[in-house]
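In: Predicted coordinates and the sequence they were generated for:
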Amino acid sequence: MRLTLIRHTALQVPAGVCYGQSDVDVAASFVDELDLLHRKLFENEFDQVYSSPLQRCAKLAAALNKGVPALDARLSELDFGDWEMLAWDDIPRDVFDVWAHNYAHIAPPNGETFSQMQARVLEFLAEVQSLHVGGNIAVVTHGGVIRALIAHVLNMPLKGLFRFHIDHGSVTQLEFGGSVPKIHFVNR
């Protein structure tokens, strides 16, 4: 199964704000970014398109015109709990530092850990693999979800997630089949 991961486009949220699962809208640049994604995906036909239900992904998935998207909450970004919509600089530094050194296993207050997020994403992956053996699947989602899948394919600890830069409106392609999953490309 080939999995084409598409990160949502830029957002209508000030820089430096933690937005995670907050349902923020796309930026005014959406039409231009959509045009670029249409060019990136021009020759791709997908057996199924899946999307995070958050509007920044659902709008993009529908606008791509690559099939009717199936919304799946397991594709949502990390839940930052009480930190949602706070400026990163407004989060107490001592609390943030503890989380930043072990975000795989420590959750923001009333949020989830990256391990919990990855577990729900891998549950989605297992289900999609069983439904679409040998298929070509598109997933419109978030940077954290894409990083969690890359870490899974590379069998790497979650602590290294932020070594991957995933741009808004970028495309990453993974392949699952045979004994070893593969990465075709990241962040195109």
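Out: That came through fine. Residues are numbered from 1 along each chain as shown.

In: Please count neighbours and contacts with C-alpha atoms only from this point.
Out: Fine.

In: how long is stretch 10-30 from one end to the other?
Out: By Cα to Cα, to the nearest Å, the extent of stretch 10-30 from end to end equals 7 Å.

In: buried sites along it?
Out: In terms of neighbour count (16 or more other Cα atoms under 10 Å), stretch 10-30 has its buried residues at 10-11, 18-22, 25-26, 30.

In: got the contact list for the spatially most central residue of the chain?
Out: Geometric centre of the chain, nearest residue: residue 142, 2.4 Å, by Cα atoms, centre = their mean. Applying Cα atoms under 8 Å, 6 or more residues apart in numbering to residue 142 gives the contacts 6-8, 52, 57, 75-77.

In: Helix or strand next in line after the lengthiest helix in the chain, which one?
Out: Determined from DSSP state H, the single longest helix within the chain is helix 114-131. Moving toward the C-terminus from helix 114-131, the next helix or strand (DSSP states H and E) is strand 136-141.

In: rounded to a whole number, what's the mean pLDDT of that following strand?
Out: For strand 136-141, the mean pLDDT works out to 97.

In: all helices for this protein, in order.
Out: For the chain, the helices defined by DSSP H cover 30-40, 55-63, 93-101, 114-131, 143-154.

In: Please enumerate residues in contact with the longest one?
Out: Translated: helix 114-131. Against helix 114-131 from outside (Cα under 8 Å, 6+ apart): 1, 74-75, 77-78, 103-105, 107, 145, 148-149, 158, 176.

In: In it, which residues are buried?
Out: Neighbour counts using 16+ other Cα under 10 Å place 114-118, 120-122, 125, 128-129 of helix 114-131 among the buried residues.

In: Now do it against strand 136-141, angle only.
Out: 150 degrees (axes from the mean of the first three to the mean of the last three Cα atoms, to 10 degrees).

In: Equivalent analysis for the first one, please.
Out: Regarding helix 30-40 and strand 136-141, their directions subtend 160 degrees when assessed with the same axes, to 10 degrees.

In: on contacts alone, who are the packing partners of helix 30-40?
Out: Packing partners of helix 30-40 (3 or more Cα pairs under 8 Å, 6 or more residues apart in numbering; DSSP states H and E): none among the helices and strands.

In: pLDDT (mean, whole number) over that helix?
Out: 96.

In: What lies in contact with stretch 169-183?
Out: By Cα under 8 Å, 6+ apart, stretch 169-183 touches 1-10, 33-34, 37, 40, 129, 134, 146, 150, 153, 184-188.

In: Give me the buried entries from those.
Out: The buried subset of those (16+ other Cα under 10 Å) comprises 1-10, 33-34, 37, 129, 146, 150, 153, 186-187.

In: contacting residues for the spatially closest residue to residue 144 that is not a sequence neighbour?
Out: Nearest non-adjacent residue to residue 144, counting by Cα to Cα, 6 or more residues apart in numbering: residue 77, 6.0 Å away. Contact partners of residue 77, counting by Cα under 8 Å, 6+ apart, are 20-21, 117, 141-145.
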